[in-house]
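A.B. asks: Give me the fold of what follows.
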Amino acid sequence: MANKLKSIAVYCGHQFGANPQYKRDAEKIGEFLGKNKINMVFGGGNVGLMGTVATAALNAGGHVIGVSTNNVIERQEPVHTGIDVTVVDGVNERKQKMVDLSDGFIILPGGIGTLNELTDIMTMQQIGESKKPLFFLNTDGFWIPFVRLFIHMKDCGFIESIHDYNIHAAETADDLIQLVMEY
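C.D. replies: So this is what the prediction gives:
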């Protein structure tokens, strides 16, 4: 494979969300990563979309690396079986470890944790600490409110240039897969 992305972190919800398409897209992304031998890095849990994407990657022959925290494990969130899981002390150490292990990032629908992880990556891009690509899957318009906020921040003078960011977006899993393959 000519693709220079050998390892991709996938950020997504630890719940399934209200739309069944979220789960179908997570399965498709995991299968793509596994079949294309792109290492998948994720939060380590066997719940919601994160468990779905990891299971799909494993079932397709992929290598999956989980990064979890002591606090998450103590709260009884099940760790995904059959993968390497690194356990760190806290969420900031977890985020940094996932960034260090990845050549790029895929953002699927999710909650506050997903939002936090993607804005950290965008902050690193803005200040020049990282230029690793960020791929959004906008399943059923999920990320439209975030895009509107981003544009509003730019219009209000809080974001200098959209060129500070290495962001790619797709409306379907197939389109996202194509973006990743062409990167």
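A.B. asks: Could you confirm Phe158 falls within a strand?
C.D. replies: No - read with DSSP: H, G, I helix; E, B strand; the rest coil, Phe158 is coil and lies in no strand.
A.B. asks: How much space separates it from Phe146?
C.D. replies: Separation of Phe158 from Phe146 (CB to CB, to the nearest Å): 15 Å. Using the backbone N, CA and C atoms, a C-beta is placed for each residue, glycine as well.
A.B. asks: Those two: which is more packed in?
C.D. replies: Phe146 (15 against 9; other CB atoms under 10 Å).
A.B. asks: Show me the strands in the chain, by range?
C.D. replies: Along the chain, counting by DSSP state E, strands occupy 7-11, 39-42, 64-69, 84-88, 104-107, 134-137, 167-170.
A.B. asks: and the fifth one, which strands flank it?
C.D. replies: Each strand pairing with strand 104-107, determined using DSSP bridges, is listed with its direction: strand 7-11 (parallel), strand 134-137 (parallel).
A.B. asks: Let me know which of those is tucked in deepest.
C.D. replies: strand 7-11 (a mean of 25; mean count of other CB atoms under 10 Å).
A.B. asks: Run through who's touching that strand.
C.D. replies: 29-30, 33, 38-43, 50, 53, 65, 98-99, 101-108, 110, 113-114, 117-118, 180 (CB atoms under 8 Å, 6 or more residues apart in numbering).
A.B. asks: give me that answer again for 7 Å
C.D. replies: Here strand 7-11 makes contact (CB atoms under 7 Å, 6 or more residues apart in numbering) with 29, 33, 38-42, 53, 98, 101-108, 110, 114, 117-118.
A.B. asks: Buried only: go through these for me.
C.D. replies: Neighbour-count burial (16 or more other CB atoms under 10 Å) applied to these gives 29, 33, 38-42, 53, 98, 102-108, 110, 114, 117-118.
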